[in-house]
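**Q** Have a look at this prediction, sequence included:
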Amino acid sequence: MNALRKLTFGYFALLILLALTVGSSLLDLGGFNSSVNLAIAAAKAVVIALLFMHLAGGGILPRLAVAAAGLWLAILFGLTVIGR
Amino acid sequence: MSTEALRPTSYLGEGAGPAAWLLTTDHKRVAWLYLVSLTAFFFLGGAFAVLMRVELATPAGDLVSDDTYNRLFSLHGIIMVWFFLVPSIPATLGNFLLPLMIGARDLAFPRLNLASWYVFILGSAFALVSVLAGGVDTGWTFYTPLSTLYANGFVSMAALGVFIVGFSTIMTGVNFIVTIHKLRAPGLTWFRLPIFVWTMYATALVMVLATPVLAASLILIVLERVFGIGIFNPALGGDPLLFQHLFWFYSHPAVYIMILPGMGVVSEVLPCFSRRPLFGYKAVALSSMAIAVFGFLVWGHHMFVSGQSAYAGVLFSFLSFCVAIPSAIKVFNWSLTLRKGEITFETPMLYALFFLALFTFGGLAGLFLAALAIDVHVHATYFVVAHFHYIMVGGMVTAYMAGLHFWWPKLTGRMYSETWGRIAATVTFLGFNLTFFPQFVLGFLGMPRRYHTYPPEFQFWHVLSSAGAVVLAVGYLMPLLYLGWSMFRGARAPANPWGATGLEWQTASPPPPHNFETMPKVDRPAYDYAMKGLRHEAFSPHKDEAR
Amino acid sequence: MSTTTESVAFDTRAREKAADTFGMWVFICSEAMLFGAVLLLFFFARSSYGPAFAAASQHLSLPLGTLNTAVLLTSSFAIALAHMFTASRRWRPAVWALICTGLLGTIFLFIKAMEYASEFKEGLAPVLGAPFRFSGPDPTHAELFFAFYFAMTSLHALHLICGIVVIAGMLLLWPGTTEAKRTHRVQAVGLYWHFVDIVWVFLFPVLYLINRA
Amino acid sequence: MSFGIPFTPPEASSIAGSVDTLFYTLLAFTAALGLFLTVLVVFYAIKYRAGSKAERTGERARSLPLEVTWTVASLLIAFVIFGWGAVLFLRREHPPPDALEIAGLGKQWMWEFRHPGGQREINELHVPVGKTVIVSLASQDVIHSFFVPAFRVKQDAVPGRTTNVWFTADEPGRYHLFCAQYCGTQHSEMGGWVTAMPPEDYAAWLENQGKGDTLAADGEKLFRALGCSGCHEKSSKVRAPDLAGIFGRPVALDNQQTVIADDRYLRDSILNPKKEIAAGYDPVMPSFDGLVDEGEMQMLLAYLKSLSPRATTKSEATQ
């Protein structure tokens, strides 16, 4: 059962990432803690999007929508940082 | 002249009871629900404006108190922006025409479409309750910390109303985007789409990506006022400028939500009454998209004197000049569309030409505001008020009127009175300029906006402006009367009274419930007027009926 | 029109399904901008008041936060299973997976409510005029942190509540729903649910894991 | 001027003329372009009205060279206007040296000014002609905006930060002072007059106002009353940075960065001392957030600035 294996894999990957993020936050990484945490969060988001939400298999349009949201968030964050 | 019953094949003939309207999922009927509600809001917001202008006829604050005046302009702004301008063309004409123009039976999500109207009504209820309870005194911009800590009006209620209406906007946007992607008729490629559809797409994009940011900032205001969760509270270290960043991230692109559909309407009307293809079709289509995207990069030009860094000011000014280019391109293309045409001057065409003039001058005034050193002087003065009214009212509302007259036969199956239409268009144009041109002068003189009283030396220009507002009000009331009359007594409209291209004209007026008897196929570009060789005499059957 | 499509606009089920998926994604992107805007405010505040935020973050319960993240990830897994079952028309397991999803969502809210309650008790909730007592070095900006914490988590909880209500409604209507529509609805709700999960995946480290070392 | 109807605001500052030059140039350009387009459209509308005998053959409805030309031309013109406006704008960042610094505090609904000599006035501001004046703005409550049309200057006063605006009046007279940012009920009454007077009249006026303590002297009293001097004085036992000459000086921070000690830095150091810690010092300073109001903050800043005798205030952009 291929689909089931894919979802189970995703689920365990998520739990491992959760353990990693909690674990890493207990270590002093000298200022990199936040970056590591955010990177792990992004990895979790990718796992959910690809394995649970089937982003890869849904045609070009959903991916285009996600890319647009990413670009617009970048605009929002980037120009606000400059504006300060 | 005719009293025959509506043909049962028309969407208007399918049940007349309240349930048949209020539970409809037909995009054409939902468009009517919006049209009626938006018209009510337009006149409510307009009434506030007239009251304000009457107060401003004298320098002293003698007609209404300062608190009342502040509520008048706040409510005028809130209602006109979110309860009229933002939904206006998309929710009425867009809703009605989008499926027709692309040869679809309905929008992709008809029930979502109806739901969006109910959400709109729910949001309006909040706004109206806040009006009746005593109004809002924050200005439409809800700047913190005034709105969170100091304003004494019913701010949370109004902010929640706007927040809820935002969801209706997002629903419309999602619906339009999916519809345009997924439901175009066979052969209707992207570059065969009418410009109106392009602008609807660009508008929907902005709606979907900008509105949630406004929603976020409004919900935080509500949390602060109602629950005391002080995200923007300067006493806790909250930054008032961050609110402005979020607010303008939405509100500048929102200006394009308002004007892009107007550009779409004019791009349909000008070719039709010139019997010419739209000049530079691709440039106009792509510049719509460019405006939608670049519109997101310029919000900081509302904050040149706010205390943001000077270098950010320079960057935002630069980007603002860049976004002027696609608009300039459109103006040139529209003007050249007239060339070698065979031009007639029916009401929609008159409105479209007035749009062209007002949008051009309003847009040029924008150059003053984008130029940093000048903006420092005219920022937050009547110059800004005049500028955005030239775009929003002179541009957007004029285009809305053009579209309403142009597609009136399609909406109702009736013709309106051409004579009255032309008179109303002209009165509006004159009244508009009389109202808002003096405000440019006032702004340069240094008259700040949102002032209840003002120094006596400014009175001359204020009196002109107030007189203009009355003329303008008459200009807007006239269509209410003759269009209303024509709904019941107007001459029957043929399927294609203007001899226009476009799929919406290939079905009956008014259209049947699912738009087309046979689903259309498309094999030619938009605006192929020259190729069709349509003659003027052939497409104006109503000319004599107007009298 | 044919009963296999929900909307008259489509002539085939397949086209409608693609449109539904796309529409849901567009809506999700819109929602992403909502949370993005709030996160933006948070990041600016954190960059200004880093030490205060770190000190305040220590007062959140790491065990409960971690548990809740696990609960939510599991609920996402459950609704993904529900979608898988509907695709192979195994309705009974699908219903059970949906019930699990809703229950896990409710458990999440319950744990969240416990956290809120203990924060209220400790005087860490600057909400509704409740007194704010904080013994750290910079109580003013710690208060700002808790303002963000309550704003962000309650906004997230609101989304979760909407999701639970929709799942409950879907289950109530389940017997009278055609098979095609069941699949279609589970997929749409699933996408939304996963998105709400992703939001939490970001909120958790951002709020709970500042400087735990 | 024409029947008492005003068309232009008075030009009464050193920059007003150059701003107006840009304004009128732009006005001429936009009027020319607008009129050209209007005439073109009217001309087409008449020439190509239905039934006219005008030649209509030939010509596709597009012309690439034409479209490229007007796109490029619009871009070039836009960039020229942008550059011109930006250059004038950036002068806001660089006030001439030897400026007179006046503290301006906005509150609902009045402007309160304090001259360096301590003279206080409300909704009136007296300034000498020919001398650059920097008004350092703060707000007690909501956002206000300091606007003198005759000087072509405007700057928001934002709660929680200090902003600066400078001008050099060059024409004696009385000019409107407005609040340009909507600030609540009596927004339109928040304002008054700026009186520009010859330097000797200004000196006489200051004399007449009576001499209170200077702003800096008030700040020094506050500095002692709040106990700042207990740590920051050289003789103190607690090791805290010496503040002599602090303003405008680069400060090394413990995170290896360096910042200039401007208004923003000093304000943050008083209200949020943990944010940027000077290298080599322990973060022991308590926050004075809530203990000093905006008016007192202005006194403290004036005192700290007075410790840097040479440094003329550079109007650092607020961050």
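**A** Sure, I can see it. Fair warning: this is a prediction, and the values are worked out from it, not measured in the lab.
**Q** So stretch C:197-213, near chain A or not?
**A** Yes: using C-beta under 8 Å from any C-beta of the partner chain, stretch C:197-213 reaches chain A at C:197-198, C:201-202, C:204-206, C:209-213. Every C-beta, even on glycine, is put in place using the N, C-alpha and C of the backbone.
**Q** Briefly note if that stretch comes near chain D.
**A** No: Stretch C:197-213 does not reach chain D (C-beta under 8 Å from any C-beta); its nearest approach is 13.4 Å.
**Q** right, and residue B:510 touches residue B:12 too?
**A** Yes: if you go by C-beta atoms under 8 Å, residue B:510 and residue B:12 touch, sitting 5.2 Å apart.
**Q** Look at those two and report which has more neighbours.
**A** The neighbour count for residue B:510 versus residue B:12, taken as other C-beta atoms under 10 Å in any protein chain shown, is higher for residue B:510 (23 against 19).
**Q** returning to what we had before: just give me the closest of the residues of stretch C:197-213 next to chain A to chain D.
**A** For these, the residue nearest chain D by C-beta to the nearest C-beta is residue C:211; the value is 13.4 Å.
**Q** so the closest one sits in a strand?
**A** No: per DSSP: H, G, I helix; E, B strand; the rest coil, residue C:211 lies outside any strand segment and is coil.
**Q** Next up, phi/psi of residue D:164, please.
**A** Taking degrees, to the nearest 10, you get phi -120, psi 150 for the backbone angles of residue D:164.
**Q** How are the helices of the chain distributed by residue range?
**A** Since no chain was named, I'll use chain A. A:2-26, A:33-47, A:60-83 (DSSP state H).
**Q** meant chain C, my bad for not saying
**A** For chain C, the helices defined by DSSP H cover C:13-48, C:50-57, C:62-87, C:91-121, C:139-173, C:179-208.
**Q** Those into JSON lines, with extra columns for distance to residue B:365, mean neighbour count and mean pLDDT?
**A** Formatted as JSON lines, those follow (distance: least, C-beta to C-beta, whole Å; neighbours: other C-beta atoms under 10 Å in any protein chain shown; pLDDT from 0 to 100):
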{"stretch": "helix C:13-48", "distance to residue B:365": "30", "mean neighbour count": "21", "mean pLDDT": "92"}
{"stretch": "helix C:50-57", "distance to residue B:365": "44", "mean neighbour count": "21", "mean pLDDT": "89"}
{"stretch": "helix C:62-87", "distance to residue B:365": "52", "mean neighbour count": "22", "mean pLDDT": "95"}
{"stretch": "helix C:91-121", "distance to residue B:365": "52", "mean neighbour count": "17", "mean pLDDT": "95"}
{"stretch": "helix C:139-173", "distance to residue B:365": "39", "mean neighbour count": "20", "mean pLDDT": "94"}
{"stretch": "helix C:179-208", "distance to residue B:365": "42", "mean neighbour count": "22", "mean pLDDT": "93"}
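**Q** Can you lay out the ones you listed as TSV showing distance to residue B:313?
**A** Formatted as TSV, those follow (distance: least, C-beta to C-beta, whole Å):
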stretch	distance to residue B:313
helix C:13-48	19
helix C:50-57	28
helix C:62-87	41
helix C:91-121	41
helix C:139-173	27
helix C:179-208	31
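**Q** what's the closest of those to residue D:153?
**A** helix C:13-48 (28.5 Å; C-beta to C-beta).
**Q** Could you list the domains of chain D?
**A** With domains defined by automatic domain parsing, chain D comprises D:9-49+D:62-93, D:100-208, D:215-306.
**Q** which stretch in those domains has the least confidence?
**A** Note on these: lowest mean pLDDT is at domain D:215-306, with a mean of 82.
**Q** Give me the distance between the two termini of that domain.
**A** 10 Å (C-alpha to C-alpha, to the nearest Å).
**Q** at contact distance from chain A, anything in that domain?
**A** No: Domain D:215-306 lies out of reach of chain A by C-beta under 8 Å from any C-beta, never closer than 9.2 Å.
**Q** And stretch B:385-392, how far out from the chain middle?
**A** Taking C-alpha atoms, centre = their mean, to the nearest Å, the mean C-alpha location of stretch B:385-392 is offset from the chain mean by 12 Å.
**Q** Could I get the average pLDDT for it?
**A** Rounded mean pLDDT across stretch B:385-392 is 96.
**Q** Angles on the backbone of residue B:234, please.
**A** Main-chain dihedrals, residue B:234, degrees, to the nearest 10: phi -60, psi -30.
**Q** okay but it is in contact with residue B:145, surely?
**A** Yes: the criterion here is C-beta under 8 Å, and residue B:234 meets it with residue B:145 at 5.7 Å.
**Q** for chain A, what are the nearby residues on chain B?
**A** Chain B has residues B:181, B:205, B:209, B:213, B:241-242, B:245, B:249, B:296-297, B:299-300, B:303, B:308-309, B:311-312, B:315-316 near chain A, with proximity defined as C-beta under 8 Å from any C-beta.
**Q** Show the contacting residues for whatever residue of the stretch 401-547 of chain B ends up closest to chain C.
**A** Here the stretch 401-547 of chain B gets closest to chain C at one residue, residue B:514, 6.2 Å apart by C-beta to the nearest C-beta. Contacts for residue B:514 (C-beta atoms under 8 Å, 6 or more residues apart in numbering or on different chains) come out as B:105-106, C:8.
**Q** again, only this time at 7 Å
**A** If a contact means C-beta atoms under 7 Å, 6 or more residues apart in numbering or on different chains, then residue B:514 has B:105, C:8 as its contacts.
**Q** Just name the most buried of the domains of chain D.
**A** Mean neighbours per residue, mean count of other C-beta atoms under 10 Å in any protein chain shown, is largest over the domains of chain D for domain D:100-208, with a mean of 21.
**Q** That one and chain C in contact?
**A** No: contact of domain D:100-208 with chain C (C-beta under 7 Å from any C-beta of the partner chain) is absent, the minimum separation being 10.7 Å.
**Q** Can you list the helices and strands that the helix or strand hosting residue D:133 packs against?
**A** Using DSSP states H and E, residue D:133 sits within strand D:132-139. Secondary-structure packing of strand D:132-139 (3 or more C-beta pairs under 7 Å, 6 or more residues apart in numbering or on different chains; DSSP states H and E): strand D:100-107, strand D:153-157, strand D:163-168, helix D:294-306.
**Q** hang on, the earlier thing: can I have the buried ones of the residues of chain B next to chain A as a PyMOL selection?
**A** In PyMOL, this line selects whichever of these come out buried by 16 or more other C-beta atoms under 10 Å in any protein chain shown:
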select buried, chain B and resi 181+205+209+213+241+242+245+249+296+297+299+300+303+308+309+312+315+316
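**Q** Looking at residue B:234 and residue B:145, which has the bigger crowd around it?
**A** Per other C-beta under 10 Å, whichever of residue B:234 and residue B:145 has more neighbours is residue B:145, with 24 against 21.
**Q** Could you check what's spatially nearest to residue 49, not counting adjacent residues?
**A** If you meant another chain, say so; for now it's chain A. Distance criterion C-beta to C-beta, 6 or more residues apart in numbering or on different chains; nearest residue to residue A:49, sequence neighbours excluded, is residue A:55 at 4.5 Å.
**Q** Wait, chain B was what I had in mind.
**A** Closest to residue B:49 by C-beta to C-beta, 6+ apart is residue B:76, at 5.1 Å.
**Q** That neighbour in helix, strand or coil?
**A** Classified using three-state DSSP, residue B:76 is helix.
**Q** how about low-confidence regions in chain B?
**A** Residue ranges of chain B with pLDDT under 70: B:1-8, B:530-547.
**Q** give me that answer again for 50
**A** Scanning chain B for pLDDT under 50 picks out B:1-7, B:531-547.
**Q** The residue of the stretch 151-300 of chain D found nearest chain A in helix, strand or coil?
**A** In the stretch 151-300 of chain D, the residue found nearest to chain A is residue D:255; the distance is 9.2 Å by C-beta to the nearest C-beta. Under three-state DSSP, the three-state class of residue D:255 is coil.
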